[in-house]
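> Predicted structure and sequence below. I'll ask about it afterward.
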Amino acid sequence: MKKKIALIFGITGQDGSYLAELLIKKNYIVHGVKRRSSSPNTERIDHIFDSVNFQSKNIFLHYGDLSDVTSLYSIIYKTNPDEIYNLAAQSHVKISATIPEYTANITGLGSLRILEIIRFYKKKKIKFYQASSSEMFGSSKPPQSETTTFSPCSIYAISKIFSFHTVKYYRDAYKIHACNGILFNHESPRRGVNFVTKKIINGLLRIKKKKQKILFLGNLDATRDWGHAKEYVESMWKILQAPIPRDYVVGTGKSYSVKQFLNKTAKQLGIKIIYKGKGLNQIGVDAKTNKVIIKVSKKYFREKEVDNLRANSNKIKKYLNWKPKTSIDHLISDMIKNEL
Ligand code: NAP
Ligand code: GDD
């Protein structure tokens, strides 16, 4: 049988790397787009090329950038994909306040550029997956589902909403098989170091090894619905295989505060934290050593906080039989094990 061809924008990121592995296992030919960088940016996928088990002959990388339509055009024509997964983005919410125009250009307009090429593509019908985000719900109350109103609290969220509606518009107006996966936070050993879960795990490990004294964090009260990236990429694939293109919310349905994540991680590392003070003056003391190991810093607060995210994923459970399997404690232990 002829192999399907997938093209992944964002293959060097957390999700892109797991999706590439999944699609290779499913016997796809996988093409990925990497950006030019002054230092290596392929460490999350290098093992795929090194491993015979992953059939490295079925994966190819191309230089490109979502801001450069000439590169998008030539990569799509060269690779002739059956499915395009757009996971590329400036994906950091806090940083989107510092580079708003860049974020809007990549995270917002990037999807439009790809969809325009798909619209005029003559060789075959290409299916399109867009990495939408629970951040779009912003200040809307949990649980959030496909029918919840978007109330964005960041330029990142606003850019993702632009992409979300662009996908719906191209689906309705031009009958393109285009879908949004509205994914809630998902983490893994491959998570970027400046997202809170990875920062907590790295920080507490370094404190335990006496390589760091204090871990500075922002809002400890915000709650998130955290799942495992490895199983969330399976939902992306399932969403594109469904005969009718639709948008789906993907999450665990359980939420925990940043402080709870911190305490769970500490517990697994044999650290007990005693909290003192409130708000910006809150500190966390190591019960054994009596030393301050956690401090709250204004620097890590958002311009506008998203307080509570928790998914209602009934639609994807019902229609695509996808459900999460990894508990938060297993997610943490997987991340710790890998770091060790
Ligand atoms: P990530 O680790 O930050 O990966 C982002 C990817 O986009 C990287 O491969 C990055 O390349 C690439 N990229 C950035 N700017 C680009 C540009 N101008 N042109 C081409 N590629 C560019 O993010 P992730 O956690 O895997 O998330 C994947 C997608 O899902 C993102 O769109 C994110 O916004 C969205 N999302 C994530 C979550 C989550 O919790 N992880 C939840 C909902 C939605 P470099 O490696 O060169 O930087
Ligand atoms: N990054 C970070 N650093 N966040 C902190 C810190 C800190 O030191 N201290 C507290 N937080 C809080 C943030 O204010 C936020 O409420 C929560 O921890 C999670 O922050 P991040 O891990 O940075 O993730 P995010 O929820 O803002 O965004 C992620 O999830 C979105 C889906 O909801 C990213 O992966 C986005 O790309 C994704 O769309």
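Now that the structure is in, tell me what you want to look at. What you see is a predicted model; the values in this text were computed from it and never measured. Ligands and ions are numbered 1, 2, ... in the order given.
> which ones are touching residue 10?
Residue 10 makes contacts with 16, 33, 85-89, 131, as judged by C-beta atoms under 8 Å, 6 or more residues apart in numbering. Every residue, glycine included, has its C-beta placed from N, CA and C.
> what's the farthest-apart pair in those?
Largest separation among these by C-beta to C-beta: 33 and 131, giving 13.7 Å.
> before we move on, the earlier item: among the contacts of residue 10, name the ones in helices.
Applying DSSP state H to those, the entries found in helices are residue 16.
> out of the contacts of residue 10, which are buried?
With neighbours counted using 16 or more other C-beta atoms under 10 Å, these contain these buried positions: 16, 33, 85-89, 131.
> ok, and of those, which contact ligand 1?
16, 33, 87-89, 131 (C-beta under 6 Å from any ligand atom).
> CSV for those, including pLDDT?
Putting these into CSV (pLDDT from 0 to 100) gives the following:
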residue, pLDDT
16, 98
33, 98
87, 98
88, 98
89, 98
131, 98
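> what's the closest non-adjacent residue to the residue in the stretch 1-150 of the chain that ligand 2 sits nearest to?
Per C-beta to the nearest ligand atom, residue 133 is where the stretch 1-150 of the chain lies closest to ligand 2, at 3.1 Å. Leaving aside its chain neighbours, residue 133 sits nearest to residue 160 (4.8 Å; criterion: C-beta to C-beta, 6 or more residues apart in numbering).
> pLDDT wise, what is the one you found at?
You'll see residue 160 listed with a pLDDT of 99.
> In the helix or strand harbouring residue 238, which residues are buried?
Taking DSSP states H and E as the definition, one finds residue 238 inside helix 229-241. Buried residues in helix 229-241, counting neighbours by 16+ other C-beta under 10 Å, are found at 229-240.
> Next, please give the residue ranges for the helices of the chain.
Along the chain, counting by DSSP H, helices occupy 14-25, 46-50, 69-79, 100-103, 109-120, 155-174, 196-208, 229-241, 258-268, 314-320, 328-339.
> any chance of the ones you listed in a markdown table, plus distance to residue 183?
Converted to a markdown table, the helices of the chain look like this (distance: least, C-beta to C-beta, whole Å):
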| stretch | distance to residue 183 |
| --- | --- |
| helix 14-25 | 8 |
| helix 46-50 | 22 |
| helix 69-79 | 23 |
| helix 100-103 | 18 |
| helix 109-120 | 15 |
| helix 155-174 | 11 |
| helix 196-208 | 15 |
| helix 229-241 | 6 |
| helix 258-268 | 18 |
| helix 314-320 | 10 |
| helix 328-339 | 15 |
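> Return the most buried member of those.
Comparing the helices of the chain by mean neighbour count (mean count of other C-beta atoms under 10 Å), helix 14-25 comes out on top with a mean of 23.
> mind saving the C-alpha coords of that helix as CSV?
C-alpha atoms of helix 14-25 as CSV (Å, rounded to 0.1, in the frame of the first residue of the first chain):
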residue,chain,number,x,y,z
GLN,A,14,8.0,19.0,22.1
ASP,A,15,4.8,17.9,20.2
GLY,A,16,6.4,17.8,16.8
SER,A,17,9.0,15.3,18.0
TYR,A,18,6.4,12.9,19.5
LEU,A,19,4.1,13.3,16.4
ALA,A,20,7.0,12.4,14.1
GLU,A,21,7.7,9.2,16.1
LEU,A,22,4.0,8.3,16.1
LEU,A,23,3.6,8.8,12.3
ILE,A,24,6.7,6.9,11.5
LYS,A,25,5.4,4.0,13.6
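> measure residue 215 to residue 209 for me?
Distance of residue 215 to residue 209, computed by C-beta to C-beta, to the nearest Å: 13 Å.
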